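1. got a predicted model here, sequence first, then my questions.
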Amino acid sequence: MNSLQNIINQIFQQNGREDVILKIKINAILKEILGENISKNIQVKSIKNGKLYLKADNSLWAFEISINKELIINKLNEKIGKDTIRQIISR
């Protein structure tokens, strides 16, 4: 029997919206990597061509992301299971 999560994933995949699933996964992983305090101040805007676009609530959080880009990219790709993210752009 399929779990509800599997059914939802199938629906999104059938409709060509794997990006929505990936955004949800990335949000959860960012919370785990960065902690609650930072992750609640950052939003995943989009993922296009290996670029992860993040919107920070203020310049302090954007700076925090920028100085930890490589670590975040490596951890995200490790948790996702493939090299999906190649670059992070934070604003």
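-> Sure, I can see it. Numbering: from 1, shown residues only.
2. report how many residues lie close to residue 35.
-> A count of nearby residues for residue 35, using other C-beta atoms under 10 Å, gives 10. Yep, even glycine has a C-beta here, placed from its N, CA and C like the rest.
3. and what of the one 3 residues further on?
-> The criterion is other C-beta under 10 Å. On that basis, residue 38 has 17 neighbouring residues.
4. list the contacts for it?
-> Neighbouring residues of residue 38 by C-beta atoms under 8 Å, 6 or more residues apart in numbering: 61, 64.
5. ok, now how distant is it from residue 73?
-> Note on residue 38: its distance to residue 73, by C-beta to C-beta, to the nearest Å, is 16 Å.
6. show me what contacts the residue lying closest to residue 46 once chain neighbours are set aside?
-> Nearest non-adjacent residue to residue 46, counting by C-beta to C-beta, 6 or more residues apart in numbering: residue 53, 4.8 Å away. Residue 53 makes contact with 44, 45, 46, 47, 89, 90, 91, according to C-beta under 8 Å, 6+ apart.
7. could you do residue 71 as well?
-> Residue 71 touches residue 33, counting by C-beta under 8 Å, 6+ apart.
8. ok, back up a step: next SSE downstream of the helix or strand where the residue nearest to residue 46 lies?
-> According to DSSP states H and E, residue 53 maps onto strand 51-56. Remark: after strand 51-56, the chain's next helix or strand is helix 59-67, criterion DSSP H and E.
9. what residues of the next helix or strand after that next one count as buried?
-> The helix or strand immediately downstream of helix 59-67 is helix 69-80, counting by DSSP H and E. Across helix 69-80, burial judged by 16 or more other C-beta atoms under 10 Å covers 72, 73, 75, 76.
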